[in-house]
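**Q** heads up, no residue letters with this:
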Ligand SMILES: Nc1ncnc2c1ncn2[C@@H]1O[C@H](COP(=O)(O)OP(=O)(O)OP(=O)(O)O)[C@@H](O)[C@H]1O
Ligand SMILES: O=P(O)(O)OC[C@H]1O[C@H](OP(=O)(O)OP(=O)(O)O)[C@H](O)[C@@H]1O
Ligand SMILES: O=C(O)c1cccnc1
Ligand SMILES: [Mg+2]
């Protein structure tokens, strides 16, 4: 069933930025330590020191070699409206030790994000570990208050978008993918977020009505087993008439018309013996659904027995509808061997088309659902199936295969001084400095490598040989002569010189660059699909994909290692 919805909300120049989709996203949606640190910064007179933080993740999810970046729009909505209310300030005051001085709460009262700059990769882009998704610059105390909300808004968004993209990759371009996860999602926000981000990741529609209203995502749905089992027999159908599609005539007894078709199918030469008596309560449910939605008749056929009852009952109703000029949509399978049953159902449809001369009956749509995930989709492909649409819930929206993306927010510079965080685990050492990053494309048009440089280094140039170094592994390096260079971080929040908020899109300047408009949801989805198509296939395969190279310039490499040595104490052996 197709729902009607508003178009996606536009975010065009000149419009103010609305608040976060979820009203629970406030400055208090934070970890306590952000406020205790803010107090300690303030007490030390350090709160206005200019800091730069990078938000990035360390490892691609789901055993893959790519991630889709999502959640940026919500971050920008958050900072555009960042302001603590009196009530919130009172709560913070009550939550901190009584010894905290009043001046701090006056300070909290005055803060907003007009002094914060956010550079980010465009939402819906393919991204890789260690490369900053966001670079956030501003007064250290304020930027720290953004850490938890930003990481929260990006973590699940990027994870579930990537999960959706992976499901799309396995299902193939031609299949319809329906997100059915609301009932199984992690609470209301998980449900709304899943619907939005699965759409970005390449799903076609959702069953979630609120997401349809909020974001303009196409709505689709079938019906449940309860509807089928709620009927007892066709005798309980009182209003039996159905007007033909063109309004020219009316079948006064649609129930009898269906029953006539059912016996014709039963006694047809090619189908005789496949089934006997079908379930009459199921038939009653199908007839009632067809009477309610003659143009959108899609039946769930597995309540009793798919091939002995559901499919023949469906075909009888579909043929009766056909007599009145309506075209049934198809069936849904929600249990059993989906590969086998879809092939059997298709055969049945083909036979009906031939036997009764109903053109197009073979092409009836088959939707499959029931605990589907990447693996089951892959298994179905390998076995061969006749499914046209997949309805996917639990495994998709809960990101069952991986619980979190593991985004982090790390200080890389304060007061123009680069900072590094060391760790026993090299993969956890942060890459210092306020940086720029670029994607370098090769001859065949594929992205070859992402490279981070210091902010003031000259950018890589097309046709010029560049040394790309692994940030931590000395022996890993390569020369690249890019055919195209794309700067990844764009200015999405320039701050302002104390302007009012909500901030306004438009000609706000950011380091002499125009502030990027937030794209519409549809544009973000298209970007995601295009970017995935552009990737070299070996990075995308499910089994042992080739890692994509993430590197730093020679200059940044030297600096990282200089700072590393500088900060790491020399041990003493006894
Ligand atoms: N041909 C197939 N190849 C691989 N996996 C399949 C195939 N067909 C169905 N599946 C998967 O097998 C699992 C079947 O689960 P299970 O046995 O619990 O359900 P069922 O008995 O078919 O239906 P239910 O218990 O919901 O009535 C589901 O995860 C489904 O997606
Ligand atoms: O299987 P998922 O990927 O989570 O997709 C959504 C499921 O939700 C619905 O039924 P529900 O699971 O509520 O009931 P049933 O499967 O027991 O009929 C639907 O029929 C799907 O099976
Ligand atoms: O419309 C459906 O078929 C549907 C919706 C949500 C969950 N399962 C199925
Ligand atoms: Mg189920």
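**A** All right, it came through fine. From a predicted model like this one, the values you see are computed outputs, not experimental measurements. Ligands and ions are numbered 1, 2, ... in the order given.

**Q** just checking, residue 538 touches residue 545?
**A** Yes: using C-beta atoms under 8 Å, residue 538 is in contact with residue 545, at 6.5 Å. In short, each C-beta sits where N, CA and C put it, glycine included.

**Q** Show me which of these two is the more surrounded one.
**A** Higher neighbour count among residue 538 and residue 545: residue 545, with 18 against 13, using other C-beta atoms under 10 Å.

**Q** Show the model's pLDDT score for that one.
**A** For residue 545, the model assigns a pLDDT of 98.

**Q** what's the closest non-adjacent residue to it?
**A** In space, and not counting its chain neighbours, residue 545 is closest to residue 65: 4.2 Å by C-beta to C-beta, 6 or more residues apart in numbering.

**Q** I'd assumed residue 539 was in contact with that neighbour.
**A** Yes: at 5.0 Å, residue 65 and residue 539 qualify as touching, with contact defined as C-beta under 8 Å.

**Q** Enumerate every residue touching the closest residue to residue 536 other than its chain neighbours.
**A** Spatially, and ignoring its direct neighbours in sequence, residue 536 is nearest to residue 446 (4.3 Å; C-beta to C-beta, 6+ apart). If a contact means C-beta atoms under 8 Å, 6 or more residues apart in numbering, then residue 446 has 534, 535, 536 as its contacts.

**Q** same check, this time on residue 66
**A** Contacts for residue 66 (C-beta under 8 Å, 6+ apart) come out as 60, 126, 127, 128, 162, 532, 535, 539, 540, 545, 548.

**Q** Show me those that map onto helices.
**A** With DSSP state H as the criterion, helices contain 162, 532, 539, 540 from among those.

**Q** who wins for neighbours among the residues you listed?
**A** residue 162 (27 neighbours).

**Q** Pretty sure it sits against residue 68.
**A** Yes: the pair residue 162 / residue 68 is scored as a contact, 4.8 Å apart, by C-beta under 8 Å.

**Q** list residues touching both of those two?
**A** Residues touching both residue 162 and residue 68 (C-beta under 8 Å, 6+ apart) are residue 201.

**Q** before we move on, the earlier item: quick one: common contacting residues for residue 65 and residue 539?
**A** 545, 546, 547, 548.

**Q** nearest to ligand 1, of the contacts of residue 446?
**A** For the contacts of residue 446, the residue nearest ligand 1 by C-beta to the nearest ligand atom is residue 535; the value is 27.4 Å.

**Q** ok and the residue in the stretch 251-400 of the chain nearest ligand 2?
**A** For the stretch 251-400 of the chain and ligand 2, the shortest gap (C-beta to the nearest ligand atom) falls at residue 393, measuring 2.8 Å.

**Q** Residue 358 touches residue 319, doesn't it?
**A** Yes: between residue 358 and residue 319 a contact is recorded at 6.7 Å, counting by C-beta under 8 Å.

**Q** The two: who's more crowded?
**A** Using other C-beta under 10 Å, the more surrounded residue of residue 358 and residue 319 is residue 319, with 21 against 18.

**Q** List the buried residues of the strand or helix carrying that one.
**A** Under the criterion of DSSP states H and E, residue 319 resides in helix 311-323. Across helix 311-323, burial judged by 16 or more other C-beta atoms under 10 Å covers 311-323.

**Q** Quick one: mean pLDDT over it.
**A** Helix 311-323 comes out at a mean pLDDT of 98.

**Q** Quick check: next helix or strand after it?
**A** The first helix or strand that comes after helix 311-323 along the chain, using DSSP H and E, is strand 330-333.

**Q** List the strands paired with that following strand, with their directions.
**A** Here strand 330-333 has these sheet partners by DSSP bridges: strand 298-300 (parallel), strand 365-368 (parallel).

**Q** tell me the pLDDT at whatever residue of the stretch 151-300 of the chain ends up closest to ligand 2?
**A** Per C-beta to the nearest ligand atom, residue 180 is where the stretch 151-300 of the chain lies closest to ligand 2, at 4.1 Å. With respect to pLDDT, residue 180 scores 98.

**Q** For it, grab the count of nearby residues.
**A** Using other C-beta under 10 Å, residue 180 has 25 neighbouring residues.

**Q** Ok, residue 65 next?
**A** What residue 65 shows, counting by other C-beta under 10 Å, is a neighbour count of 18.

**Q** give the contact list for it.
**A** Per C-beta under 8 Å, 6+ apart, neighbours of residue 65: 128, 539, 540, 545, 546, 547, 548.

**Q** Out of those, flag the one nearest to residue 407.
**A** Of all the contacts of residue 65, the one with the least separation from residue 407 (C-beta to C-beta) is residue 128, at 13.1 Å.

**Q** ok, now how distant is that closest one from residue 550?
**A** Distance of residue 128 to residue 550, given as C-beta to C-beta, to the nearest Å: 5 Å.
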